[in-house]
Structure formats: C-alpha cells, structure tokens
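Colleague: got a structure for you, letters missing:
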C-alpha cells in the first residue's frame, strides 16, 4: 500500500483559493490511511470553513474513484463532473494526482496529500513502515527477506555502520532497530552467516533513475502476439 | 590479498614495528586554519605522533572539507595527515575526483568512513548521499591504488595513486559479531590499517582487539583524553555507543569545582586524571595485545601528549 499524509489545510487552501468551485476526489485504491468519500467530504467542509474565515464562499463536491491511478477508471469516473468545477483536489497518492492531470487535461488537479512511501501497517499498532523502496535491484534473497535499502537510513549494502548502538539506529534517536542487526539476527538463526559476510558491490542506480519506465514484456502477456513474432 | 606497499609514514612506521600514535584534528565552521595548524605543530613537536587524522564533518555538521586542511597540515606543520573521507556527502564520481586531488596534493593516508547521518547534524533537511558505502569505497581505493583505474576500469592517466587507506571499527558495538564480520568485508577489500572508535573499558577493548586479530591487519585503538567535564559529558551523551566511565565524569567535575578561578590548578588536576587513567591503559594495550598503536583523539588538548606519551621512543622519519 502507498502510505500518505494529508497536507496542512492551509497549504491545500493556498492551492485552490483562486477558484470558487472545486471537485474533491477521494481514492478507494491502495492509499493508506484510507482517503475515500468520507475523507473527501471532510476535506470539503474544512476548505469551505477556511474560505469563510477569509470572507469567501467556496462551492465543492466530493466524489470517490475506485483507483485514480488507472487511466480508464479515473477518466470515466471523474469526467462527468468536471464541466461544473474549476479545479480538482485529489486525495489519492501522487500517482492519482498525476493521472487526473493526464486524463483530464482541461482542469488542473491539485494534491491534498504527501505520498510518503510504499509500506505496510504494523498490525495492532497505529503506524506504517517502509519495507521496500522499489529500487529495481532486489537483494533481499541475500538478507533474510529484510531490505537494507528501505530499512537502513544510510541505504548501506554492507552494514551495520558505527551509528548502531545496542542494536538501534542513530537516526531517529535510537528508537528504530538497525536493519543490519536484524538481518544478522535472522541469517544467524538459519545458520546463513555466509550470506551476511558476502560483499555487495555498489548499486546500479540506473534501475532507479527517474522517471521509471518499463516496457511490458509481451512474451508474458499475450500469447497471440508471441505467435505472430514466431511466424 | 597480498600486502600492499607502505606509501605513508604511518604505514612505514607500523611496518618497522614501531608502536605508533596518531592524533586528531577537527576542522570546523571557520574561515581560518591557524588553530588546526597550531595543533598540528604541537603534535609534531612531541616527536611521538606519526600522523594526524583530519575529520570530515563529524556528527553530520557542515564543516570545512577535510581535503585542504589535510594538505595544509602536511605543508605547514610537517606532520603527515590521515585524511578522513566519509561517503555521506559525495557520490562515487565526486569521491574519485577528490581522491585524485588528494593524491596530487601529496596526501598518503585516507581513512574511509560512512559518516554520521545528516539527520544528526546542523543541516537536518539535507539529502544524505551514501551512493556507495564505506566498504565499497575501500574497494574503489584498492582499484585506484593497485590497478590505476577508476571504478569502471577506465585508465587513470599517470598511473596508480600511491596511498594507503584504513577503515574504522567500533569497540563499543553491541552486538559485536555483525561489526566484526563487517570489518572482515572491508579487510577483504584491501584495507591497510584500522583505527577504532574510542574505548574506555580496558577489558572490552582487549576482547575487541582479540576479535580483530584474525584479520592480521594493524589496529590502532582509539582513545579520547577528556579535556574538560563538558567535553566528557558531551561525548557520553552524544557520540553513538560511547559511554564515559561515571568515576571519570565525577572526578573531572570535582577537579573543575575544586579549582574554580584557578586555571593552572584546574588544568593540572584534569591532566592528572587523564594521565592516571590513560597512561596505564596504553601500557596495558601495548603489553598485552597485538595493537599496532593508539589513535589518541586529544583534540585541542596537545599539552597532554608530552606527559602521556613521553616515555615511548621518538618516532623517526622513514624514507619515502
């Protein structure tokens, strides 16, 4: 899931204050915490209140989209409304905001959220944690299924560093466990310190150069096309 | 890996079996090198300090870069520098460029470090680089020294650089095994020497040195004489993993309190505490371990060198 944080209401208002009618689009997709129709309504009310304190009247409508990052779903869900509104505020992650701007180019879509990271919720705890930074060069087969790139503040391939104290990381005031100590603990448990001792060469950052772009390998997606190539 | 030739005075002295001492200089946020040069000259005068480490933005703070002070220390004070380079602020391209610049300026020792995270420093919003880690930096240096190319194998015109390089190890590390294994990875990348973070517990330090013996690489144990109670307190509270013995903290506090308004008296009392603690410590390390020497991080506390190290043989310049 994509972990997001709502922006400060003043920041969102600054983006839309020049408009009188805005459409607020929630997203039912993977963004966490959930930002669906209810959150869109609450944001509308807050923006309306904020506008009033500035002596202005703001009209808004809240809708939600199954997945804003899907071009067809986003376009078909939002298009029927846009003629009546001057701008759109998206409660999706950054992908949704970009997609609405792309498929509905006649209106500007503004982000109501900061997209933080791809992560998971710690069950039973009110927090989210980044387990994968989608680097395009996965090494967790060597590290006991724990990622030192997402998990280590210094993204070390050959840790731990000197900032580890009693198994905790210097970043975050020694409240977060050192990823490399966790990796060592796990590999030791399976008698696989051979993997821990292994030297890992510098990363190839071409795999994570922005903008990420990947051509879908037709071989795996469409049997007919494969046959055509063979013929 | 075959042992590399000793290019630096430090490595030559170690090779000759000399129990070596290195000092530490800390360039800060200042547009002036006179204090650093003064400290370096004082170190040189002791005739016991082979080389002086020059730090690279400790605690993640934005300080003067370590390259130029390292050069100036060698030129103006005549003492060899151990140029500390962290991978925190520069990617592999910049590191390569800096290392060539350092080689041209005649620097002979590099100490590779990861570097304290920017989140700890005075520019907390900065992007920490960490393109390569300190182990990978060791590999890059080995390639530059032994092969005479950049990391990608492109020729470095003029040939191989003539330098030795070290890595750090942390005797305060808990758990210790991952630290020892990590040092092992660095040793395999061709490290010439190890300088450790500061130790205060003699038994712990001896255990740690014993653990490092398997790598057969010279180790300089880090010690940090405490110039004042304030510095000791700061070290105890803010340097990762370092705890100053409570007795030492108390004694320093008492020495400062008892000598309020009497500077010479205060200095004498503090020096006495340090000498009583560190002199037997060094003697014990020399006698009972295979340590190649001591990295004495007495930053801006040069007056301690003569009484602390005076009994050790003078260091002579080794031919280049």
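Modeller: Yep, that arrived. What you are looking at is a predicted structure, and each value in this text was computed from that prediction instead of being measured. Residues are numbered from 1 along each chain as shown, chains lettered A, B, ... in the order given.
Colleague: Can you give me the buried ones in stretch B:54-67?
Modeller: B:54, B:55, B:56, B:57, B:58, B:59, B:60, B:63, B:64, B:65, B:66, B:67 (16 or more other CB atoms under 10 Å in any protein chain shown). Bear in mind the C-beta positions are built from the backbone N, C-alpha and C, glycine included.
Colleague: Widest-spaced pair of those residues?
Modeller: Comparing every pair within these by CB to CB identifies B:59 and B:67 as the most remote, at 19.0 Å.
Colleague: Tabulate the buried residues of stretch B:54-67 (CSV), appending distance to residue A:15 and secondary structure.
Modeller: Output for these, formatted as CSV (distance: CB to CB, whole Å; DSSP: H, G, I helix; E, B strand; the rest coil):
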residue, distance to residue A:15, secondary structure
B:54, 48, strand
B:55, 44, coil
B:56, 41, coil
B:57, 37, coil
B:58, 41, helix
B:59, 38, helix
B:60, 34, helix
B:63, 39, coil
B:64, 41, coil
B:65, 40, coil
B:66, 44, coil
B:67, 44, helix
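Colleague: Distance of the closest residue to residue A:10 other than its chain neighbours relative to residue A:109?
Modeller: Nearest non-adjacent residue to residue A:10, counting by CB to CB, 6 or more residues apart in numbering or on different chains: residue A:50, 7.4 Å away. Distance of residue A:50 to residue A:109, computed by CB to CB, to the nearest Å: 19 Å.
Colleague: Those two - which one has more neighbours?
Modeller: residue A:109 (26 against 18; other CB atoms under 10 Å in any protein chain shown).
Colleague: Please look at residue A:102 and residue A:71 and confirm they touch.
Modeller: Yes: under the criterion of CB atoms under 8 Å, residue A:102 makes contact with residue A:71 at 7.1 Å.
Colleague: Give me the nearest residue to residue A:56, chain neighbours excluded.
Modeller: residue A:17 (7.5 Å).
Colleague: And the one you found, how close does it get to residue A:52?
Modeller: Relative to residue A:52, residue A:17 is positioned 12 Å away (CB to CB).
Colleague: higher neighbour count, those two?
Modeller: Ranked by neighbour count (other CB under 10 Å), residue A:17 and residue A:52 place residue A:17 first, with 15 against 11.
Colleague: Distance check, that one against residue A:202.
Modeller: From residue A:17 across to residue A:202, the span is 47 Å (CB to CB).
Colleague: Could you pull up the residues touching the residue nearest to residue A:10?
Modeller: With contact taken as CB atoms under 8 Å, 6 or more residues apart in numbering or on different chains, residue A:50 is in contact with A:9, A:10, A:13.
Colleague: My reading is that the last one lies in a strand. Confirm?
Modeller: It refers to residue A:13. No: applying DSSP: H, G, I helix; E, B strand; the rest coil, one finds residue A:13 to be helix, outside a strand.
Colleague: Am I right that it is in contact with residue A:48?
Modeller: No: using CB under 8 Å, residue A:13 is not in contact with residue A:48, being 10.1 Å away.
Colleague: Neighbour count: those two, which is higher?
Modeller: residue A:13 (20 against 15).
Colleague: which phi and psi does the nearest residue to that one once chain neighbours are set aside have?
Modeller: Leaving aside its chain neighbours, residue A:13 sits nearest to residue A:50 (4.7 Å; criterion: CB to CB, 6+ apart). Phi and psi for residue A:50, reported as degrees, to the nearest 10, are phi -60, psi -40.
Colleague: how near is residue A:50 to chain B?
Modeller: Separation of residue A:50 from chain B (CB to the nearest CB, to the nearest Å) stands at 27 Å.
Colleague: ok, now how distant is that residue from residue A:177?
Modeller: Counting by CB to CB - residue A:50 and residue A:177 are separated by 41 Å.
Colleague: Skipping its backbone neighbours, what lies nearest residue B:180 in space?
Modeller: The shortest distance from residue B:180 to any non-neighbouring residue, by CB to CB, 6+ apart, is to residue B:211 (5.0 Å).
Colleague: Does the closest residue to chain A within the stretch 1-150 of chain B belong to a helix, a strand or coil?
Modeller: Nearest residue of the stretch 1-150 of chain B to chain A: residue B:135, at 3.8 Å (CB to the nearest CB). The three-state assignment at residue B:135 reads helix, by three-state DSSP.
Colleague: all strands of chain B, in order?
Modeller: With DSSP state E as the criterion, chain B has strands at B:20-25, B:49-54, B:80-86, B:109-113, B:164-169, B:193-198, B:219-223, B:293-296.
Colleague: where in the chain is pLDDT low?
Modeller: If you meant another chain, say so; for now it's chain A. For chain A, applying pLDDT under 70 flags the ranges A:216-231.
Colleague: please go with chain B instead
Modeller: B:1-2, B:319-320.
Colleague: ok, back up a step: of all the strands of chain B, which one comes closest to residue B:101?
Modeller: strand B:80-86 (10.4 Å).
Colleague: List the contacts of the strand ranked longest in chain A.
Modeller: Longest strand in chain A by number of residues (criterion: DSSP E): strand A:113-121. For strand A:113-121, the external contacting residues (CB under 8 Å, 6+ apart) are A:1-7, A:31-32, A:35, A:90-95, A:127-134, A:150.
Colleague: How about the secondary structure of residue A:5?
Modeller: strand.
Colleague: Pull the contacting residues for it.
Modeller: Counted by CB under 8 Å, 6+ apart, residue A:5 has contacts A:113, A:114, A:116.
Colleague: Closest to chain B out of the contacts of residue A:50?
Modeller: Using CB to the nearest CB, the contacts of residue A:50 come closest to chain B at residue A:10, 20.2 Å.
Colleague: sec struct for the closest one, please.
Modeller: helix.
Colleague: Give me the number of neighbouring residues for the residue nearest to residue B:286 when sequence neighbours are not counted.
Modeller: Closest residue to residue B:286 apart from its sequence neighbours, by CB to CB, 6+ apart: residue B:19 at 5.6 Å. Around residue B:19 there are 18 other residues, counting by other CB under 10 Å.
Colleague: Likewise for residue A:86?
Modeller: 15.
Colleague: just checking, it touches residue A:22?
Modeller: Yes: counting by CB under 8 Å, residue A:22 is a contact partner of residue A:86 at 6.6 Å.
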